[in-house]
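Peer 1: below are the sequence and a predicted model for it; my questions follow.
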Amino acid sequence: MTDLAPSPAAGLAGAGGSVTAGREERAALDPRALAADFPILGQRPHGKRLVYLDSAATSQKPRAVIEAMDRYYREYNANVHRAIYEIGERATQEYEGARVRVARFINAPAAHEIVWTRNATEAVNLVAYSWGRRNVGPGDAIILTEMEHHANLVPWQILAQEVDGDLEFIPITDDGLLRLDVFEVLLRLRPKLVAFTHVSNTLGTINPVREMVEMAHAAGALVLVDGAQAVPHLPVDVQALGADFYVFSGHKMLGPTGSGVLWGRRELLDAMPPFMAGGDMIREVKLRRSEFNDVPWKFEAGTPDISAAIGLGVAADYLRELGMDRVREHERELVAYALDLLPREVPGIVLYGPPADLRGGVIAFNLPAIHPHDVAQILDRSGICVRAGHHCTMPLHERLDLTATARASFSVFTTTDDIDALAAGLREVQRVFGA
């Protein structure tokens, strides 16, 4: 039996405007009301109210996402692009409909430019292997930054070692901002690629993407942006940003684990060879040769995580309905509140990163003479969830002369009460350790 290939006619209708186009001015988010949408927030770890401050690691999921994934398994569990029976056709429709939803969310020109991956990590690797090995050669430069997540560092290390290329790095200031003056100098190397994070997962720094893209393009380089910490927290319009590739993970934007996205300019994706081979990424197979499918399906070998894609589409709609401008303002106010409160209420706390206006909903900190792992463990007794460690940014921690930090990160349901609870919890940590 021959598999039915997805129709190349499926596209993104009516998504030509920005993600906030046509929105009327609306009231600020009400995080307490939104909390009712997240079933897990009713949990009481150690008998305490759950204060979840680890959304930069993985976000919690609203009921709409959970129910959409459950509905797939209960009502129309079937493979996509293959079946001509009713539930199979519905599965394909919902799966490809999710691609349209995500494309609309980031204002991609066409749904066909959305490639499903398992996460942002796989998306970066896809570009490194498929585009990188065809376009980067001996002596060619790739420019990264000192603040990159390992997922946007190690794939380029492997590529550079394999093809004898060079890696160069934009340094940061002590308060976590990129040195664009050094970037300007590095661009004289005529790099093949510039890859950097939109928002730092450790410092929260919001980088000037549009400005950096324009600088890189003027030097003849393509640009990949890691948007894993940006897409859930601020408006993202890939057309306005101007980058060539943009990657993000579903599980950080209220969607399920195992879902992610590579957006790329169509002409680049068309020219790239497949990343993996197998079923569904082919149009015709002979014993000694194969003809590959169109973009995006030529990058999506085998049976995908159908429910995860469907859940991600619902998560994109959930955030879109909230209004990403409102999400950004909510988190900016939370960060400003935290940066003011914590130094006043927690003696000796050390905070890292830029001011609230230049920062996403992430705050990395340390308590002198107390290891971050101990901080996180004591906070857990009060039902407070924070991250402790290097947050997959070991070179950044080395640059700041740190072995580890604790990190609190926010989402749409985070309240000032949660930050007050964090401050009280940190004072309890200090009491336990006699600090």
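Peer 2: Arrived safely. Numbering: from 1, shown residues only.

Peer 1: separation between the most far-flung residue of the chain relative to its centre and residue 175?
Peer 2: Within the chain, the residue lying farthest from the chain centre (C-alpha atoms, centre = their mean) is residue 287, at 39.6 Å. Per C-beta to C-beta, to the nearest Å, residue 287 is found 61 Å from residue 175. For the C-beta atoms, the positions are set from N, CA and C on the backbone; glycine is no exception.

Peer 1: got it, and residue 198?
Peer 2: 18 Å.

Peer 1: residue 152 touches residue 197, doesn't it?
Peer 2: Yes: in this structure residue 152 lies within contact range of residue 197 using C-beta atoms under 8 Å: 6.3 Å.

Peer 1: shared neighbours, those two?
Peer 2: Common contacts of residue 152 and residue 197, defined by C-beta atoms under 8 Å, 6 or more residues apart in numbering, comprise residue 226.

Peer 1: per-residue pLDDT, the residue farthest from the centre of the chain?
Peer 2: Looking at residue 287, its pLDDT reads 88.

Peer 1: now residue 348. Its backbone dihedrals?
Peer 2: Note on residue 348: its backbone torsions stand at phi 90, psi -10 [degrees, to the nearest 10].

Peer 1: sorry, slip of the keys, the one I care about is residue 96.
Peer 2: Taking degrees, to the nearest 10 as the convention, residue 96 sits at phi -70, psi -30.

Peer 1: show me where the stretch 151-300 of the chain has its helices.
Peer 2: For the stretch 151-300 of the chain, the helices defined by DSSP state H, counting those that start in this stretch occupy 154-163, 180-186, 209-218, 238-241, 266-271.

Peer 1: how many neighbours does residue 133 have?
Peer 2: 14 (other C-beta atoms under 10 Å).

Peer 1: do you know how far residue 394 is from residue 173?
Peer 2: 19 Å.

Peer 1: so these two - more neighbours on which side?
Peer 2: Ranked by neighbour count (other C-beta under 10 Å), residue 394 and residue 173 place residue 394 first, with 15 against 10.

Peer 1: next, the contact list for that one, please.
Peer 2: So residue 394 contacts residue 150 (C-beta under 8 Å, 6+ apart).

Peer 1: got a pLDDT number for it?
Peer 2: Reading off the model, residue 394 has pLDDT 98.

Peer 1: can you check residue 6 too?
Peer 2: At residue 6, pLDDT is 38.

Peer 1: could you do residue 26 as well?
Peer 2: 77.

Peer 1: what bridges to residue 350?
Peer 2: As for beta bridges, residue 350 partners with residue 366 under DSSP bridges.

Peer 1: using CSV, write out every CA atom in the longest helix along the chain.
Peer 2: If you go by DSSP state H, the chain has its longest helix at helix 324-345. Presented in CSV, the C-alpha positions along helix 324-345 are these (Å, rounded to 0.1, in the frame of the first residue of the first chain):
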residue,chain,number,x,y,z
MET,A,324,1.3,38.3,23.9
ASP,A,325,1.6,42.1,24.5
ARG,A,326,-0.3,41.6,27.7
VAL,A,327,1.8,38.5,28.6
ARG,A,328,5.0,40.5,28.2
GLU,A,329,3.7,43.4,30.3
HIS,A,330,2.5,41.1,33.0
GLU,A,331,6.0,39.4,33.3
ARG,A,332,7.8,42.7,33.1
GLU,A,333,5.8,44.0,36.1
LEU,A,334,6.6,40.7,38.0
VAL,A,335,10.3,41.0,37.3
ALA,A,336,10.3,44.7,38.4
TYR,A,337,8.5,43.7,41.6
ALA,A,338,10.9,40.8,42.3
LEU,A,339,14.0,42.9,41.6
ASP,A,340,12.8,45.5,44.0
LEU,A,341,11.4,43.1,46.7
LEU,A,342,14.1,40.4,47.0
PRO,A,343,17.1,42.7,47.9
ARG,A,344,15.0,44.4,50.5
GLU,A,345,13.5,41.2,52.1
